[in-house]
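1. Next input, structure requested:
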Amino acid sequence: MRLMFLSASGQLGGAETSLLEILASLRQAEPSWPLHLLVAAEGPLAARAASLGVGVVSLPFPPSIARLGESGAAASGGWGRFAARLLASAPDMASYLGRVRATIAEARPDILHTNGLKMHLLGAHAGMPPLVWHLHDYLGARPLSARLLRLSRRRCAVAIANSASVAADARRVLGDVPIVAIHNGVDLQRFSPTGATLDLDALAGMAPPPPATIRVGLVGTFARWKGHETFLRALARLPHDVPVRGYVIGDAVYDTQASQYTRQELLQLVHDLQLGDRVAFTGFVARPEEALRALDVVVHASTEPEPFGLVIAEAMACARPVVVSGAGGAAEIVHDGVDAAAHRPGDVEGLAARIATLALDAGLRARLASAGRSTATRAFDRTRLATGLMPIYRHAAAARG
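-> Purely as a prediction, here's the structure:
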C-alpha cells in the first residue's frame, strides 16, 4: 500500500513528532510499503522523515497562508481582521492547492493521511485518494476551522483522534464521520531512563546551581496555552528554602501569528517575578530525551485541556516524575498519585504545592518515576501505532474500491 502524509509544519511540535513515530512504526511493520511526505514549511521534520526512508517533498506555504492561525485571532486584531486575512489569502490558497494536487498525483498514494487543520482542508479539496484526518486539536475550540471541516466532512473516509477526549469533541463537531481514538506512541529505546543528558545550565549560559538543587523543567513550544506563565508564577511562590531551579526548554517554533509567547515576553515575566537565577532558558533542543533525563521533575502546565500531551508520555518513558495539568487527553494517560502528580489547569498555588512536595520527597519522586516508566512501556510503545493504523488504511482503501 502506498501512503502519503501531509504536514502543515516542518518543525517538531507534538503533532509532527507523533507523525514521525507513525512513520517509524509503519516502516518497521511493513518495510515494503512506499511512504511519502509533503511538508509545508522548513524545519527538521523533513530530514528526520527522510532518514526513515520516506520520500519527502518540501512545498512551503506562501507567507499569507503560513501566518494564518485561528488560535491567535483574538490577540492579533479579532475575528474581523482574521477573516479579512483569510479572504486575502484565497488566491494563494488556490494556487497552492494546485501544486498539492500535482504532488499527490505524482506519488499515486492509496491513502492520504493529513496532519494539521490546514492540511485537513487542503486534503479534502485535493479530491484524490481516500482521506484520513489525524486530529491533534479540539475542533470545538476553533469555530471557523470546525465549520470548514464540517462542510468538508463527506470527503473524509475516517478521522483518527489522539485521545478519547479529542474524539468525543470531534464527534460533536463532525457528526457522522467515523472517528477512531489512537493514543500517540513513543520510541521506548530512545526515551529511556538511561543515556546521554544535556547540560541545561550550559545551554542557558548559567553557572550550575548548588549540588542539592532539584531541576524542574517545562518542555514545549511557546504556545500561550502551554502554561509557561503558570509555571513561572508557581516557581515564584516556592519558599526560598525549597532548593529548585526551573528550566524553560523550547522556543516559539511555529509561523502562526499571536498564538505564541516570545522569549522576551517570558524573560520580562521572570524579571517582574524577581526569579533571578532560579529560572534558565535553554532554547529549542533537538534531543528532548536528553533534556528530560537532565531533569528531576518534569512539569506539564497547559492552561486548557491538553489533546494528549506527548511530553508527558516521553517523560514517563524516561522514568521522570511528572506534574500533569489534569484535563482533556492528559487526564486519560496518567493516574494521579500512582504514576504522576496532577493539578488543576491554571492553578498556580496547586502547581507550586506539587513542585514543592516532589522537590522535598526523593522517595515519592522515585515511586512516580518507576510507575511512570511501567505505564509508558505498557501504553505508549510506538509499535502499537502500525497495529492500529493498518486496518484503518486497508478498510478505507477497500471502501473506495
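2. which residues does Gln260 bridge with?
-> Ala223 (DSSP bridges).
3. Next up, the contacts around Leu3.
-> By CB atoms under 8 Å, 6 or more residues apart in numbering, the residues touching Leu3 are Leu26, Trp33, Pro34, Leu35, His36, Pro109, Asp110, Ile111, His113, Tyr393. Where C-beta positions appear, they are placed from N, C-alpha and C, glycine not excepted.
4. Considering those, which possesses the most neighbours?
-> Highest neighbour count within those: His113, with 29 neighbours (other CB atoms under 10 Å).
5. quick one: that residue and Met4, what's the gap?
-> Here His113 is placed at a distance of 7 Å from Met4 (CB to CB, to the nearest Å).
6. so what's Ala356 closest to, chain neighbours aside?
-> Of all residues not flanking Ala356 in the chain, Val242 sits nearest, at 5.2 Å (CB to CB, 6 or more residues apart in numbering).
7. Pull the number of nearby residues for that neighbour.
-> Using other CB under 10 Å, Val242 has 17 other residues around it.
8. wait, it sits on Asp361?
-> No. Taking contacts as CB atoms under 8 Å, Val242 lies outside contact range of Asp361: 11.3 Å.
9. Retrieve the pLDDT associated with Ala74.
-> As predicted, Ala74 sits at a pLDDT of 48.
10. 14 is where my numbering starts, stick with that
-> Got it, first residue is 14 now, which makes that one Ala87.
11. re earlier: can the contacts of Leu16 go into a markdown table with extra columns for distance to Ala28, pLDDT and secondary structure?
-> Formatted as a markdown table, the contacts of Leu16 follow (distance: CB to CB, whole Å; pLDDT from 0 to 100; DSSP: H, G, I helix; E, B strand; the rest coil):
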| residue | distance to Ala28 | pLDDT | secondary structure |
| --- | --- | --- | --- |
| Leu39 | 17 | 98 | helix |
| Trp46 | 22 | 98 | coil |
| Pro47 | 23 | 98 | coil |
| Leu48 | 17 | 98 | strand |
| His49 | 18 | 98 | strand |
| Pro122 | 20 | 97 | coil |
| Asp123 | 23 | 97 | coil |
| Ile124 | 18 | 98 | strand |
| His126 | 12 | 98 | strand |
| Tyr406 | 19 | 98 | helix |
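12. Now tabulate those residues in TSV and tack on distance to Ala249.
-> Conversion of these to TSV gives the following (distance: CB to CB, whole Å):
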residue	distance to Ala249
Leu39	45
Trp46	51
Pro47	53
Leu48	47
His49	48
Pro122	51
Asp123	54
Ile124	49
His126	43
Tyr406	49
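13. Between the residues you listed, which sits nearest Phe204?
-> Checking the contacts of Leu16 against Phe204 with CB to CB, the nearest one is Leu39 at 19.0 Å.
14. show me where pLDDT drops low in the stretch 314-414 of the chain?
-> Applying pLDDT under 70 to the stretch 314-414 of the chain flags the ranges 414.
15. repeat that for 50
-> The model of the stretch 314-414 of the chain has no residue with pLDDT under 50.
16. can you pull out the helices in it?
-> 323-330, 343-346, 361-373, 375-392, 396-413 (DSSP state H, counting those that start in this stretch).
17. how about the second one: buried residues?
-> Across helix 343-346, burial judged by 16 or more other CB atoms under 10 Å covers Ala343, Ala344, Glu345, Ile346.
18. what helices or strands is it leaning on?
-> helix 177-187, helix 323-330 (3 or more CB pairs under 8 Å, 6 or more residues apart in numbering; DSSP states H and E).
19. Can you name the residues that contact the residue nearest to Tyr274 when sequence neighbours are not counted?
-> Nearest residue to Tyr274, sequence neighbours excluded (CB to CB, 6+ apart): Phe235, at 4.4 Å. Counting by CB under 8 Å, 6+ apart, Phe235 touches His241, Gly263, Asp264, Ala265, Val266, Gln273, Tyr274, Thr275, Arg276, Leu279.
20. Looking at those, which is nearest Ala369?
-> Distance to Ala369, by CB to CB, is smallest for His241 among the contacts of Phe235, at 19.1 Å.
21. ok, now how distant is that closest one from Leu135?
-> For His241 relative to Leu135 (CB to CB), the value is 31 Å.
22. Quickly list the domain ranges of the protein.
-> Domain ranges of the chain: 16-198+395-413, 213-392, per automatic domain parsing.
23. who wins for proximity to Phe204 among these?
-> With respect to Phe204, and counting by CB to CB, the nearest of these is domain 213-392 at 3.8 Å.
24. Span of that closest one from start to end?
-> With CA to CA, to the nearest Å as the measure, domain 213-392 spans 29 Å from end to end.
25. any idea how far it is from the chain center?
-> With CA atoms, centre = their mean, to the nearest Å as the basis, domain 213-392 stands 15 Å off its chain's centre.
26. With stretch 395-403 instead?
-> Distance of stretch 395-403 from the chain centroid (CA atoms, centre = their mean) equals 18 Å.
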